[in-house]
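In: With the sequence up front, the predicted model follows.
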Amino acid sequence: MTTPRQPIEPAEALSLVLENARLSAPESLPLLEAVSLILAEEIPAEHDLPPFDRATMDGYGVRLADAGRSPRVVAVVPAGRPVELVLEDGDAVEIMTGAPCPQGVEAVVKVESTTRDGDRVRLPSTLERGRHIVARGSEHRAGAPLLSKGARLTPLAIAAAATAGRATVRVIPRPRVAVISTGAELTRPGEVRVPGRIRDSNRPMMAALLLESGLGEPSDHSVTDDRKIIDETLRGILAGEPPPHVLVLSGGVSVGRFDLVPEALLALGAEVVFHGVRQRPGKPLLFARLGERLIFGLPGNPLSVLAGFHGYVAPALRRMMGLPATRPPFSAHLDGPFQTTSERHQRVLAEVTSGADGELIARPLIGKGSGDLSAVQGANAYLMFNPGHHRLRAGAEVRGEWLK
Ligand code: AMP
Ligand code: MG
């Protein structure tokens, strides 16, 4: 067993984690696997945008000389089918939104402003050059950057990459994250219930946190409190093809006789960066590295796992993905009186809603301990309290961090 050390401050723990989290190497991914990721290349327009003089209304492509007259409709131009002709005075084409204007078209008149009479169309008495036409290259020139390196692939950026003809893009990928729950007391959902055991809720929760946040590609595993089995499973995971970038374990990092995770990690050759943080919940949190690989040992109580993910794992993954590691806190007002005392920094789950004047109202959700999942179901944020005694009245200002 490792000797318990003096727990470090959460701020120091976070900066140690972030010092060890390196930006991941770029990879080429299919466009839709790259949603929300950071672009690792510049994407130029493959051609002028629009690539042709484009009609922006259903109507008629006309000559200015035919204002107030009734030119003859000589062709129909649908979107996607260019018509090779040179329009002359006295002639018009019927044209659809998105269609390329044939040569000689000087304006598009919308259908509502015209009267059709057989093969002729009556035009308004004034026409404006270029009306309802977006000229070729007027939005963007071929070769000019449409997206810059470092841009986030929002749905709008995905549209721009698609416009540039890209089916794959070079991006900073999501880290592969192995989640491993440890504990002899665990049975998986769907398995037969065994007296004295509990369901493994951390394994699906950790995978769900990664899937919901989009911060990692999870693979999930579980082990009992047996050194041989823990060692074999960890070796198997690390030998995976491809291996994970990050390991997140739940349970087995405290000081109990069967808390075997720290010694198993040391036996693997991992370097423990810290073990123990002055926080509630989740004091025995362990952070180690094995080469470039990051390893988080989160205390097994489900709410410690949640807090460990939001406090340390998510910031590390964001840093690896080229995103801002932490997000700004917000302030809110308590919906009622609230008291709390701890020698440690606390994260208290809360339901935060918008009040009548748009200010944020926080309702702390206090269960019967860090294993109580029923009391906290409405939580969307944490309230953060420094060590000490806090006796707060309704309306008092509190600092919060969003879960998402
Ligand atoms: P540990 O950190 O291993 O001492 O576990 C702390 C508490 O969390 C114990 O009550 C465990 O039974 C519980 N626990 C550990 N792992 C899980 C899990 N995967 N799902 C639900 N509860 C767990
Ligand atoms: Mg355990």
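Out: Nice, I can see it. Residues are numbered from 1 along each chain as shown. Ligands and ions are numbered 1, 2, ... in the order given.
In: drop to CA atoms for contacts and neighbour counts, all remaining ones
Out: Will do.
In: check which helix or strand covers L156.
Out: helix 155-163 (DSSP states H and E).
In: right, I mislabeled it, should have said I237
Out: helix 227-238.
In: do the same with H389
Out: strand 388-392.
In: Pull up the pairing partners for that strand, direction included.
Out: With DSSP bridges as the test, strand 388-392 is paired with strand 338-342 (antiparallel).
In: what's downstream of the partner strand, the next helix or strand?
Out: Next element after strand 338-342 (DSSP H and E): strand 345-354.
In: Sheet partners, orientation included, of that next one?
Out: In the sheet, strand 345-354 lines up with strand 279-280 (parallel), strand 360-364 (antiparallel), strand 381-385 (antiparallel) (DSSP bridges).
In: Tally up the residues packed near the residue in the stretch 51-200 of the chain positioned nearest to ligand 2, please.
Out: Here the residue of the stretch 51-200 of the chain nearest ligand 2 is G183; by CA to the ion that distance is 4.3 Å. Other residues within reach of G183 by the criterion other CA atoms under 10 Å amount to 22.
In: Next: P189.
Out: By other CA under 10 Å, neighbour count at P189 equals 12.
In: What's the mean pLDDT across whichever strand or helix holds D220?
Out: Assigned by DSSP H and E, D220 falls within strand 217-223. Taken as a whole, strand 217-223 has an average pLDDT of 98.
In: Sheet partners, orientation included, of that strand?
Out: When DSSP bridges is applied, strand 217-223 pairs with strand 176-182 (parallel).
In: Beyond the partner strand, next helix or strand please.
Out: With DSSP H and E, the next secondary element past strand 176-182 is strand 186-187.
In: Pairing partners for that following strand, with directions?
Out: Sheet pairing for strand 186-187, using DSSP bridges, gives strand 198-199 (parallel).
In: pLDDT below threshold where in the stretch 1-150 of the chain?
Out: 1-5 (pLDDT under 70).
In: Outline the domain layout of the protein.
Out: The record's domain parsing of the chain by automatic domain parsing lists 10-24+173-320, 30-48+140-172, 54-134, 330-402.
In: sorry, back to before: pull the residues that contact the strand holding H389.
Out: The contact list for strand 388-392 (CA atoms under 8 Å, 6 or more residues apart in numbering) reads P337, F338, Q339, T340, T341, S342, E343, R344.
In: 7 Å - rerun?
Out: With contact meaning CA atoms under 7 Å, 6 or more residues apart in numbering, strand 388-392 is reached by P337, F338, Q339, T340, T341, S342, E343.
In: Do I have it right that E27 meets V171?
Out: Yes. Counting by CA atoms under 7 Å, E27 does reach V171; the two are 5.6 Å apart.
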